[in-house]
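Chemist: test case, fold it:
(2 chains, ligands or ions: 2)
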Amino acid sequence: MNAQTSLNRDLTEDLRRRVLDAAETRTPLAIRGSGSKEFYGRGVRGELLDVSGHRGIVSYEPTELYLTARAGTPLAEIDAALTDSGQMLGCEPPAFGPGATVGGTVAAGLSGPRRPYAGSVRDYVLGVKVLNGRGEVLRFGGQVMKNVAGYDVSRLMAGALGGLGVLLEVSFKVLPRPVAECTLVQEATQAEAIERLNRWAGQPLPLSASAWDDGRLSVRLSGAAAAVEAAAHTLGGERLDPVAAEAVWAALREQTHAFFAGDEPLWRLSVAPASAALALPGAQLIEWGGAQRWWRGDGEAAGLRARAAAAGGHATLFRGGERSGEVFQPLAPGLAKLQAELKRSFDPHGIFNPGRLYAGL
Amino acid sequence: MTDDATRALRDAIARGVPERLILADIEDLRPYECDGLTAYRTVPRLVVLPETAEQAAHVLATCHERGVPVVARGAGTGLSGGAMPHADGVVLSLAKFNRILGIDPQNRTARVQPGVRNVAISQAAAPLGLYYAPDPSSQIACTIGGNVAENAGGVHCLKYGLTVHNIVALDVLTITGERLTIGAGALDQPGYDLLALLTGSEGMLAVIVEVTVKLLPKPQVAQVVMGVYDRVDAAGVAVGRIIAAGITPGGLEMMDNGCIRAAEDYLHAGYPVEAAAILLCELDGTAEEVAEDLARVEALMRDAGASDIRISQSEEERLRFWAGRKAAFPAVGRISPDYYCMDGTIPRKELPNVLNRIEALSQRYGLPVVNVFHAGDGNLHPLILFNGGDPAQLHRAEQLGGEILELCVEVGGAITGEHGVGFEKINQMCSQFAKDELVQFHALKAAFDPKGLLNPGKAVPTLARCAEYGAMRISHGELPFPELERF
Ligand SMILES: Cc1cc2nc3c(=O)[nH]c(=O)nc-3n(C[C@H](O)[C@H](O)[C@H](O)COP(=O)(O)OP(=O)(O)OC[C@H]3O[C@@H](n4cnc5c(N)ncnc54)[C@H](O)[C@@H]3O)c2cc1C
Ligand SMILES: Cc1cc2nc3c(=O)[nH]c(=O)nc-3n(C[C@H](O)[C@H](O)[C@H](O)COP(=O)(O)OP(=O)(O)OC[C@H]3O[C@@H](n4cnc5c(N)ncnc54)[C@H](O)[C@@H]3O)c2cc1C
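Modeler: Residues are numbered from 1 along each chain as shown, chains lettered A, B, ... in the order given. Ligands and ions are numbered 1, 2, ... in the order given. Here you go, the predicted model:
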């Protein structure tokens, strides 16, 4: 741990000065953790604001189930600390290379396979320390599990792609690692997989991950040993050995699964989980009990979006493709206006990642 | 209704809402003068009970045009004065929005109007083996709209999350009467997370007119372990050890002696009246899971010094164990003319320390305090007993309550875990937050409500008010010259 601790730095004051200068000169800033997400969202033109040097775990109390870290801290470091105490981040965010940072993870707001069963990144954010566009260092939320004092700015930061402020510190709720896990694989068509996943989700089963791809439905069970055993027996299917099982979920989490290879545009359709199979040409990969559907193809964006909306959700051009327009589902005019006002309230001069989420936001 | 302006306001509202849904006579207005925190009362100018979103939108647009404050109201069970009317304003009651619009068994969601009572959702979902997890003790009365506005919690939130973790979509009306839909059925929405922001916003940002909640499958089995303790701090230690052992109970609640006695007198749940404290730890899940965890919890409770341990052996007994806890507030209501319910949260490890210090404060103020609370997530509910007929006692109760909240902040906690700031804790917000943070809150509110008409005077204090209260947290001692930040 010593090598890591020696990298710990509190750069709050430097970052604050940079923001104050940028505010004064109206210079847009492109906030960056490790830059692993450059492909995501819309491009930003701005002066680089590198947060990766602002790092280190500030406090971690396993018995209190929280961890506070500076935004530049690599996820890998957090994972190592948590693993040592038999704990984990409940939302299972992808590590994505050695660099991925706490700030980038929260700002991107992307969660891993455990999401539908245990909650999203934002569900695990207890508090933040953040720099707003006036160069003020603000704290919201805290380290306790329940806190409704003031508006919930902490959770608002999750998924905001850095448009509302520079995250300086984040406190997460952490969870005990499950005692036992087991991954089962069954044959299923897409429609069968969606039906089974949603039927099971309506029963008290210790599900913790699910995916369907190319006729194979994989589900993971986590919890007390006896409970996992009993559920595995009920569900049936081929049981993977632990190493193979870990490889399945890591490949999904880190998007190293063959489905994600190549340059074809990657779309993410977030829909109500039981929505019928989306009639799209080519292959799809389903996660999150049916709620997250990946599609490769050069589709007509408006048509895809209409389809996702009809299924209770939205479509994102996740990677590649034509990115000069909107990559996230356009918002209804009233909501778009409100979001712009909200951004202005945090970032009056529009210096943080302008246009990253939406043009003009 | 005495003045011309109010008459004109009523007429304008009546252009979009039937007259029978507008209350203007003092005897009709009285029942709305307070919420569950009865110490603070204000009679509003009008109460309007719209039946449709269009009518509600008309009320908002009319008030917006005329600069009239609007206070949304669910069942009025709030404990922080959040729904207390504004003297110059209109109360917008959502009581008539009481329909369950649909249950989707496949997606396990329910679409409901905001005036639907919390428990009614679980009742409607029960035939499908599903339920709505957040279960405030007030669940038979409080509305889902009020729950969203307060981010309400309950006994089972330790494992299943607060309101914010259990809703997937909202329809709201802005102060101008515009309807916005946030989310639908997917697990996330594009753009900034307004669902999270609106949850717990205490009627300050928008009026909720529809909610889609998640439904969960009912656990196969649930059993309660009751740990009996001769010392309150030993019970506090047991709580810490259970959580530290990696067990996530369905609920983990604590009651101290005063509360045990009150509950036992009231309900005869079979609680040990000599005990200093009891812990109620519910374990739920599959039969195998529960059996495994029961054994571990029993051992941990004993190690921490439990003098007795009881495990519910039937569903009936489980409900009996909980009955006393669920009825704790009314039970305390029988032993004291009035009580004042606090709602601070603290790090769990501070439980023994904070309980001791509350006891010391109680003696100093000469007012008994009994404790019943969500121990698993460190959410205290000290109940201060007093006689409201005696103004001096009421004043002391308020002061004692304020000191308890300051104590929570001091040990790293928060002034409210689930009841909200409302009107009651507005002064303590000055201790919880620094000036720049409060300014940011006001800016955020202005993004939704530039004229400041939704529930004015609640939740976020003005800087002037903090100056008057004489407290403003220094900005974390991190900015230079903190002594210049004084208000
Ligand atoms: C299913 C799934 C697939 C994913 N796919 C990939 C993938 O293929 N490749 C990948 O690299 N990641 C992927 N992720 C995301 C990954 O988990 C992390 O979000 C990512 O690694 C972020 O780390 P970073 O430090 O590199 O962020 P960066 O790329 O540096 O930043 C990400 C965003 O956050 C903002 N940001 C960064 N730091 C801050 C800060 N301190 N304050 C405010 N805003 C900030 C940036 O401006 C940018 O908008 C995926 C996640 C999921 C769930
Ligand atoms: C005996 C008792 C036990 C309690 N136990 C718990 C508990 O265990 N956990 C817990 O969290 N709380 C508890 N409470 C507090 C209270 O029940 C909750 O805060 C509840 O969520 C309030 O709901 P309500 O419908 O009564 O809202 P109200 O009291 O009418 O309003 C509360 C706030 O919400 C706003 N509001 C209401 N409806 C809307 C709407 N549709 N749109 C926008 N804003 C709205 C109001 O303006 C106000 O600020 C308890 C209260 C009592 C009296």
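Chemist: ok, residue B:175 to residue B:453 distance?
Modeler: According to Cβ to Cβ, to the nearest Å, residue B:175 stands 5 Å off from residue B:453. The C-beta positions use only the backbone N, C-alpha and C, and glycine is treated the same way.
Chemist: cool, and residue A:103?
Modeler: Separation of residue A:103 from residue B:453 (Cβ to Cβ) stands at 36 Å.
Chemist: who has more neighbours, these two?
Modeler: residue A:103 (30 against 21; other Cβ atoms under 10 Å in any protein chain shown).
Chemist: residues contacting the lengthiest helix in chain B, please?
Modeler: Longest helix in chain B by number of residues (criterion: DSSP state H): helix B:391-410. For helix B:391-410, contacts defined as Cβ atoms under 8 Å, 6 or more residues apart in numbering or on different chains pick out B:39, B:338, B:340, B:342, B:344-346, B:354, B:357-358, B:361-362, B:365-367, B:369, B:380, B:382, B:384, B:386-388, B:414-415, B:425, B:427-428, B:431-432.
Chemist: so which of those belong to helices?
Modeler: Short answer: the contacts of helix B:391-410 in helices (DSSP H) are B:354, B:357-358, B:361-362, B:365, B:431-432.
Chemist: how about those in TSV, adding pLDDT and neighbour count?
Modeler: Shown next, in TSV, are these (pLDDT from 0 to 100; neighbours: other Cβ atoms under 10 Å in any protein chain shown):
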residue	pLDDT	neighbour count
B:354	93	24
B:357	95	16
B:358	95	23
B:361	96	19
B:362	97	20
B:365	96	18
B:431	90	21
B:432	93	25
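Chemist: ok, which of those residues also contact ligand 2?
Modeler: By Cβ under 6 Å from any ligand atom, no member of the ones in helices among the contacts of helix B:391-410 lies near ligand 2.
Chemist: which one of those is nearest residue B:323?
Modeler: residue B:358 (25.6 Å; Cβ to Cβ).
Chemist: thought the closest one was touching residue B:381?
Modeler: No: using Cβ atoms under 8 Å, residue B:358 makes no contact with residue B:381, being 11.2 Å away.
Chemist: contact partners for residue B:336?
Modeler: Contacts of residue B:336 by Cβ under 8 Å, 6+ apart are B:368, B:385-387.
Chemist: show me the shaky parts of the chain.
Modeler: Reading this off chain A. Along chain A, segments meeting pLDDT under 70 span A:1-4, A:94-97.
Chemist: not quite, go with chain B.
Modeler: Checking chain B against pLDDT under 70 turns up B:1, B:471-487.
Chemist: got the residues of chain B near ligand 2?
Modeler: Residues of chain B lying near ligand 2 (Cβ under 6 Å from any ligand atom): B:35-36, B:71-79, B:82-83, B:94, B:114, B:136-138, B:142-143, B:145-147, B:149-150, B:152-154, B:202-203, B:207-208, B:329, B:418-419, B:455.
Chemist: tell me what residue A:167 is bridged to.
Modeler: Per DSSP bridges, the residues bridged to residue A:167 are residue A:130.
Chemist: so it makes contact with residue A:127?
Modeler: No: using Cβ under 8 Å, residue A:167 is not in contact with residue A:127, being 11.1 Å away.
Chemist: what sits against residue 349?
Modeler: Answering for chain A, as no chain was given. A:22-23, A:26, A:133.
Chemist: not what I meant, chain B
Modeler: If you count contacts by Cβ under 8 Å, 6+ apart, residue B:349 has them with A:61, A:63-64, B:240.
Chemist: buried subset of those residues?
Modeler: Among the contacts of residue B:349, those that count as buried by neighbour count (16 or more other Cβ atoms under 10 Å in any protein chain shown) are A:61, A:64, B:240.
Chemist: could you double-check that the last one sits in contact with residue A:62?
Modeler: No: taking Cβ under 8 Å as the contact criterion, residue B:240 and residue A:62 are not neighbours in contact, 11.1 Å apart.
Chemist: mind checking the SS state of the residue nearest the centre of chain A?
Modeler: The centroid of chain A falls nearest to residue A:110 when counting by Cα atoms, centre = their mean (1.3 Å). At residue A:110 the chain is in coil, as set by DSSP: H, G, I helix; E, B strand; the rest coil.
Chemist: ignoring the adjacent residues along the chain, who's closest to it?
Modeler: Counting by Cβ to Cβ, 6 or more residues apart in numbering or on different chains, residue A:110 lies nearest to residue A:93, which is 6.6 Å off, once chain neighbours are set aside.
Chemist: check residue A:267 too.
Modeler: Closest to residue A:267 by Cβ to Cβ, 6+ apart is residue A:295, at 4.6 Å.
Chemist: shouldn't that neighbour be within a helix?
Modeler: No: if the criterion is three-state DSSP, then residue A:295 is strand and not within a helix.
Chemist: what's near enough to touch residue B:312?
Modeler: Neighbouring residues of residue B:312 by Cβ under 8 Å, 6+ apart: B:223-226, B:318, B:320-321.
Chemist: swap the cut-off to 10 Å and go again
Modeler: B:222-226, B:280, B:282, B:294, B:318-322 (Cβ atoms under 10 Å, 6 or more residues apart in numbering or on different chains).
Chemist: do residue B:67 as well
Modeler: B:88, B:451-453.
Chemist: what is the nearest of those residues to ligand 2?
Modeler: Using Cβ to the nearest ligand atom, residue B:453 comes nearest to ligand 2 of the contacts of residue B:67, at 12.6 Å.
Chemist: near ligand 1, which residues of chain A show up?
Modeler: A:31-38, A:41, A:51, A:71, A:93-94, A:96, A:99-101, A:103-105, A:107-108, A:110-112, A:161-162, A:166-167, A:255, A:353, A:356.
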